[in-house]
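**Student:** sequence and predicted structure, then a few things I'm wondering about:
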Amino acid sequence: MGSIKDEVAIIGMGCSKFGERWDKGTEDLAIEAAYEAYEDAGIGKEDIEACWFSTVMSALIGVSGTIAADSLKLGNIPIIRNENWCTSAHIALIEGAMAVASGAYDMVMALGVEKLKDTGYPGLGTGRGMHPVYEARRTAPGSFGLIAQRYFKTYGLSDREGRETLAKIEVKNHDNGSLCPKAHFHNKITVETVLNAPVIAWPLGLFDCCGNSDGAACAIITSAKRAKDFRPDPIYLKGFGISIDSMLPHFRPGFSWTSFDSLLTSSHKAYEMAGIKNPREELDVAVVHDCFSITELLIYEDFGFSPRGRAKEDVDSGFFTREGGLPVNTDGGLKCFGHPIGASGLRMSYEVYKQLQGKADLPERQIKNPRLGLSHTFGGPPQISAVAIFGNEKG
Amino acid sequence: MNTVGIALCGSYIPTFRLDRGVIANIWGRTSIGGERSVSNNDEDCITMAVEASRNCLIGQKKEVTEGLFFATTSAPYQEKMNSALIAAAVDLKREITTADFAHSLRAGTGALKAAFDSVKSGSMSNVLVAAADSRIGYPRSDQEQAFGDGAAAVLVSKENVLATLEGSYSICNEMIDVWRNPEDTFVRTWEGRFILGEGYTSHMKEVVTGILKKYDLEPKDISKAVLPAPDIRTHRRLAGELGFDVKTQVQDPLLSHVGYCGTAHSLLMLVGALEESSPGDTVLLASYADGADAIIFKVTEEIKKQRNQRKLKDYLDQKLMLPSYAQFLSYKGLVETVPGEPFRLFPSATVSWRDRNSIIRCHGSRCRNCGTLTYPIQRVCYNCSSKDNFEEVSISDLEGEVFTFTLDNLAGRSDDPVVVQTVAELGEAKVRFYGMMTDCLPSEVKVGMQVGLTFRRIYDGAGMHNYFWKCRPVRKGGNK
């Protein structure tokens, strides 16, 4: 695989307020994110030559890219819709970056919008498989509960030990989210709150699961050599990795349930392109796919943040808190910021972008002197993964 | 041996039982005593017949079966061949004769007699006869307590028969005593003394007396009289009046702890009798509905052969108690439940048809190149990527262990809120199966727990029923 390291930069980003936005429609959310991005980049809609548009559930039937055209009046440019479950927005962003790197376009937009609250989608992720029989009663918490159960068994954690470890991850994410104005949830919690909450899919309880939200996020992408024409602090794309694996790893012979090939492959490809040898040491911030507490734990290990089977030690020591060695989900993650499926990848990149610019919305949650950051989504059944690595300097 | 008879037999009683006192208490009346079987909310007469048939044929070569006759009064489809679905789930070959026998509690013995005639005539050499029923009595009625759910299957053959057909006798009688109209949920009856006196008892006496006379036998010549009956008192009185010794000559009518299983009951009791019989025994089977059938069997030395079937006795010993009348009502579909997370994908007749070998027959694929066995059928091998180079392998009889599971509180119905999502490793090849677990207490599920597969009705949508396989705990020996 080739490399587009440092060839493309993000010069503007926007992110709507996430939450139950009953009074705002799909188009309102798109406008909220896109106009913040225009302003941030100092450009207007006439500068956009192509758009990669991501949504999963906003329209249950095919809509192509017309939502972006209708809301932003982007008419008569290519608008390419991307649907890859939870990784949709990441892949839209990466596709846009590749289009710029190819030289076909000078400036493109990646836009992710999800309006779950118009679809009757309940508060918790209930993603559904695609087969009417094999996956008839599959839910998202159920799928990730299978992972947690196997992880505890494999590494000899009692239910109590395992659940406590997972609870600490959510205590951290709620602490981070409490400082994030655009996040869906702002409440701080304790380990006891998590352990005593209703069970959703044993061993996962209510606080192990992220909420479903409405939201949108947007990025304006141009070539690295033009980037400083627009702003002094563009953020460069250092590397990316995408891995789309089986819809149903459930039936795969020998599948471990404690490590996912798509996580390993997507992160390794991204590290390789970015020239990262030791992610635990070299990354300064990571915003990863914590759809469930167990997912974040698994990512620590598959991404090489923690040694295999020993993420618990890093969780216990606070390694992933804002003050720790590698702050993870500094904006509260999916757990608190919210998870509008087709927008999340761009929201996570928004957080990394702002952190790398030193422009976190509240100074108390700004990471000190970050250089390299990673954003990541993991989706579907769960076997599809997308990683993007950003830096605030070339080279 | 060229004598037609029964070569194999198997029963099935659903796992759940309801203490009849629970029903009685709700209605402020007295219990008729004991408990009744209740099919789970994912069971119907199709799935129960599949269970009994798989139990009957376990360890046997299925290719020899050339026919399947199915009897019930509670078929899920009014128009569509139920026996064809059962034959597929049991994984019988395609070149067979299937037929549904319906509309009467005598359809079980009717199907059995038809199978004997088919085999005797030489038109088929082995015919599987399955019967299952799941009837509902009116709320507060005696029948509500007395009925049970169950199934039985026997293989009729000329080879290796464990009981030979010695003779039969039938009478037909038009009478409105017990019936259901097409729109009825509950079983209707005319006045009790009329239906028991002029209907049941009178005709059972006539048919038993008739067959004994026809074959020049005395009541004392019968080792076991199998007399399906609607209630215990009527059963005991009939047996006595026919001259049988109730203690030694009469087969347990299953009424006190299972209930009256309608069309299946005659075969169910017959299976129970055969499983307890010895070579040389003479077994008399009679069944009633608009007349009566009687059949006499002679048990052979084959009965002593060790078999792998789960016996009726095992089913009686292994059960879970249904905790409430409310669950009984919802399991029977008499009250609506809030569905779990709604199904976004309606079943598709084309998908079910195209994937029938995986979905219904439970076939996986074994790669001819590397030997990897996977379920469902994969055209490209997971392991070596060989394309279209596999043989289909049935995995429905494999047992194995729970690899991981979760107790999912979002997926279930309101009467059964926890769905046990399960990933299992089955057989020596460790085939991965993902599905729901049924007939279990969520609290008993552990990684490493022994499980097998069972065919269940998973949901209805688009106006049709969707059937698929689920995991089920392997219950050997006694149950808690």
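**Tutor:** Arrived safely, thanks for sending. Residues are numbered from 1 along each chain as shown, chains lettered A, B, ... in the order given.
**Student:** skipping adjacent residues, who's closest to the residue of the stretch 351-480 of chain B found nearest chain A in space?
**Tutor:** Proximity of the stretch 351-480 of chain B to chain A (Cβ to the nearest Cβ) peaks at residue B:406, 2.7 Å away. Quick note: C-beta positions are derived from backbone N, CA and C, even for glycine. Once flanking residues are discounted, residue B:406 sits nearest to residue A:145: 2.7 Å by Cβ to Cβ, 6 or more residues apart in numbering or on different chains.
**Student:** just say helix, strand or coil for residue B:330.
**Tutor:** The assignment at residue B:330 comes out as helix when based on DSSP: H, G, I helix; E, B strand; the rest coil.
**Student:** brain fart, residue A:377
**Tutor:** Here residue A:377 is recorded as strand under three-state DSSP.
**Student:** hmm, residue A:90 and it touching each other?
**Tutor:** Yes. The criterion here is Cβ atoms under 8 Å, and residue A:377 meets it with residue A:90 at 4.8 Å.
**Student:** quick check: buried residues in stretch B:20-38?
**Tutor:** B:20, B:22-24, B:26, B:32, B:34-38 (16 or more other Cβ atoms under 10 Å in any protein chain shown).
**Student:** circling back: quick check: mean pLDDT of the helix or strand where the residue of the stretch 351-480 of chain B closest to chain A lies?
**Tutor:** Secondary structure assignment for residue B:406, by DSSP states H and E: strand B:400-408. Mean pLDDT, strand B:400-408: 97.
**Student:** next secondary structure after it?
**Tutor:** As assigned by DSSP H and E, the chain's next helix or strand after strand B:400-408 is strand B:419-426.
**Student:** how about the residues of chain A by chain B?
**Tutor:** With Cβ under 8 Å from any Cβ of the partner chain as the criterion, chain A meets chain B at residues A:122, A:124, A:126, A:128, A:130-134, A:136-139, A:141-150, A:153, A:198-204, A:248, A:250-255, A:257.
**Student:** drop anything exposed from those residues.
**Tutor:** Neighbour-count burial (16+ other Cβ under 10 Å) is assigned, among those, to A:124, A:126, A:128, A:131-134, A:136-139, A:141-150, A:153, A:199-204, A:248, A:250-253, A:255, A:257.
**Student:** among the residues you listed, name the ones in strands.
**Tutor:** Among these, DSSP state E puts A:199-202, A:204 in strands.
**Student:** quickly list what the residue of the stretch 351-480 of chain B closest to chain A is bridged to.
**Tutor:** The residues listed as beta-bridge partners of residue B:406 by DSSP bridges are residue B:421.
**Student:** ok, now which ones touch it?
**Tutor:** A:141-142, A:144-146, A:148-149, A:201-204, B:420-421 (Cβ atoms under 8 Å, 6 or more residues apart in numbering or on different chains).
**Student:** now swap in residue A:268 and tell me
**Tutor:** Each residue near residue A:268 by Cβ under 8 Å, 6+ apart is listed here: residue A:241.
**Student:** for it, helix, strand, or coil?
**Tutor:** Once three-state DSSP is applied, residue A:268 turns out helix.
**Student:** now stretch A:302-309, how far from the centre of its chain.
**Tutor:** Put simply, stretch A:302-309 sits 19 Å off its chain's centre (Cα atoms, centre = their mean, to the nearest Å).
**Student:** for it, which positions count as buried?
**Tutor:** Within stretch A:302-309, the residues scored as buried using 16+ other Cβ under 10 Å are A:302-306.
**Student:** ok, now how distant is the closest residue to residue A:83 other than its chain neighbours from residue B:37?
**Tutor:** Nearest residue to residue A:83 in three dimensions, chain neighbours excluded: residue A:56, at 5.6 Å (Cβ to Cβ, 6+ apart). Applying Cβ to Cβ, to the nearest Å, the value for residue A:56 to residue B:37 is 45 Å.
**Student:** export the helix or strand hosting residue A:218 as PDB, just CAs?
**Tutor:** Secondary structure from DSSP H and E places residue A:218 in strand A:214-223. The C-alpha trace of strand A:214-223 is given here as PDB (Å, rounded to 0.1, in the frame of the first residue of the first chain):
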ATOM      1  CA  ASP A 214     -28.600  13.200  16.700                       C
ATOM      2  CA  GLY A 215     -25.600  15.100  15.400                       C
ATOM      3  CA  ALA A 216     -23.400  16.100  12.500                       C
ATOM      4  CA  ALA A 217     -19.700  16.900  11.900                       C
ATOM      5  CA  CYS A 218     -17.800  18.300   8.900                       C
ATOM      6  CA  ALA A 219     -14.300  18.700   7.600                       C
ATOM      7  CA  ILE A 220     -12.900  20.800   4.900                       C
ATOM      8  CA  ILE A 221      -9.900  19.200   3.200                       C
ATOM      9  CA  THR A 222      -7.300  20.600   0.900                       C
ATOM     10  CA  SER A 223      -3.800  19.800  -0.200                       C
END
